[in-house]
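> quick one: sequence and predicted model below, then my questions.
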Amino acid sequence: MSMFHARAGLLVAVLTVTGTAMMTSASATGRDRDHAEIQRVLDQAVTGGGGPGVVAELRGARTAPWFGTAGVADMTTGRGRQPGEHFRIGSLTKAFTGTVVLRLAAEGRLTLDDTVARWLPGVVEEYLGADGTKITIRRLLNHTSGLPDAILGQETPRPEEPGSRFIYSKINYTLAGMIVERAAGATLADEIERRIARPLNLAGTYLPGTGEETIRGPHARHYSKLGETGPDAEIHDVTEMDVSWAGAAGGMISTTSDLHLFLSALLGGRLLPPAQQKEMFTTVSTEGSGWVPDTEYGLGVYSQKLPCGVTLWGGGGFIQGSMSYAMGDRQGTHTLVSNLNGDWNDFQETFTALFGARFRPGRTA
């Protein structure tokens with residue numbers, strides 16, 4: 001090899017290494033800006049009494065996890081929020097319930113076209129004045145059953161015709177959870193543990209039993225204004241509370257890291273066979289329902305189009321003392337999970353800003 005060719009080869013190698021280093025540095029700088037913007041949203045969420053404390057954890061396929069926090073976990077001691085805290089996830093529970101139903105369908109234990117009357121004869125007739133022969137399991141999971149949003153056993157509005165429109169309803173998933181237990185011969189809590197939590201090593205994820213008021217493991221205190229509004233509304237500590245009434249619709253507890261693992265596995269097709277995965281992500285419009293704007297609902301998960309034009313997949317959860325969101329791109333390669341340990345913040349505004357900061361077009365992966 002001539003001296004000229006040797007020096008030329010060395011120059012190419014130096015330029016390649018330098019270019020790669022510059023690209024890596026630029027990517028790191030971009031991520032730092034993204035993290036700073038997310039941190040700004042977190043700080044703003046708790047400013048002026050907007051909430052006690054908030055956390056956000058984001059993960060990407062090629063980047064290290066990032067965790068941010070603002071505010072406090074305990075309003076009495078001033079203890080800050082930390083990674084690994086357990087919290088009530090509210091309606092994010094529906095994604096777990098829907099996954100279990102679809103796993104049972106894949107095994108031939110039930111079908112999505114089975115009627116409620118087949119599995120729970122007389123239940124919706126007695127308690128809701130509906131016709132269980134017209135309501136399928138699929139309609140329960142995508143909220144087109146016509147059943148009102150209420151708690152089973154309480155006085156409820158008249159049901160509508162199944163399939164007429166989207167009505168977000170806790171009763172749909174209460175019934176789905178009851179069907180799971182009939183079909184599986186086990187409790188929904190056990191089925192979630194056996195089919196999802198244990199295989200994915202979700203050590204902090206579980207569905208509490210009836211009468212279980214405490215949150216296992218380290219956790220932030222949960223605070224609520226119990227539906228009262230205004231800056232002078234009294235704040236109540238609702239950490240110790242039996243929420244078994246929420247059950248299959250919203251009773252679970254988890255952590256940010258566990259929700260990342262679950263969401264990425266679900267979006268990535270690692271929990272369901274292809275046929276059931278297709279069912280999970282076949283959506284109906286929520287337009288005109290008064291529910292979350294710019295969404296379409298699947299079988300326990302939904303898509304949401306952000307103001308920046310990006311569409312994300314996952315879900316949100318609201319329950320006394322806790323508000324959570326877990327969403328990512330359709331492949332599950334980039335996910336963001338957040339929780340606020342109070343229930344009087346502007347839920348949609350905060351999380352729209354948070355996810356917009358993470359997923360806006362042109363940001364660094």
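Cool, the structure landed.
> dump the residue contacts of the residue nearest to residue 170 when sequence neighbours are not counted.
The spatially closest residue to residue 170, leaving aside those adjacent along the chain, is residue 249, at 4.1 Å (CB to CB, 6 or more residues apart in numbering). Where you see a C-beta, it was placed from the backbone N, CA and C, and this is true even at glycine. Residues in contact with residue 249 (CB atoms under 8 Å, 6 or more residues apart in numbering) are 91, 93-94, 97, 170-174, 177.
> and residue 249, backbone torsions?
phi -90, psi -20 (degrees, to the nearest 10).
> neighbours around the nearest residue to residue 229 once chain neighbours are set aside, how many?
The shortest distance from residue 229 to any non-neighbouring residue, by CB to CB, 6+ apart, is to residue 344 (7.7 Å). Residues contacting residue 344 under the criterion other CB atoms under 10 Å number 22.
> a strand runs through residue 344, doesn't it?
No: applying DSSP: H, G, I helix; E, B strand; the rest coil, one finds residue 344 to be coil, outside a strand.
> test my guess that residue 315 contacts residue 302.
Yes: if you go by CB atoms under 8 Å, residue 315 and residue 302 touch, sitting 6.2 Å apart.
> re earlier: report the separation between the residue nearest to residue 229 and residue 354.
17 Å (CB to CB, to the nearest Å).
> next: residue 182.
For residue 182, the distance to residue 354 - CB to CB - is 39 Å.
> the two: which is more packed in?
residue 354 (26 against 12).
> nearest spatial neighbour of the more buried one, chain-adjacent residues omitted?
Per CB to CB, 6+ apart, closest to residue 354 is residue 41, 4.8 Å.
> which residues does the one you found contact?
Per CB under 8 Å, 6+ apart, neighbours of residue 41: 350, 353-354, 357.
> three-state assignment of it?
With three-state DSSP as the basis, residue 41 sits in helix.
> and the pLDDT at it?
Per-residue pLDDT puts residue 41 at 93.
> separation between it and residue 282?
To residue 282, residue 41 is 32 Å away according to CB to CB.
> could you pull out the helices for this protein?
3-46, 93-106, 116-119, 123-128, 137-141, 170-184, 188-192, 247-250, 256-267, 274-280, 347-359 (DSSP state H).
> how about residues contacting the third one?
So the one you mean is helix 116-119. Contact with helix 116-119 is made by 110, 123-124, 131-133, 135-137, 140, 145, 175, 178-179, 182-183, as judged by CB under 8 Å, 6+ apart.
> tell me the pLDDT of residue 133.
98.
> and it, what is it in contact with?
Residue 133 makes contact with 115, 117, according to CB under 8 Å, 6+ apart.
> go on, residue 80?
Residue 80 sits next to 53, 69, 71-73 when contact means CB under 8 Å, 6+ apart.
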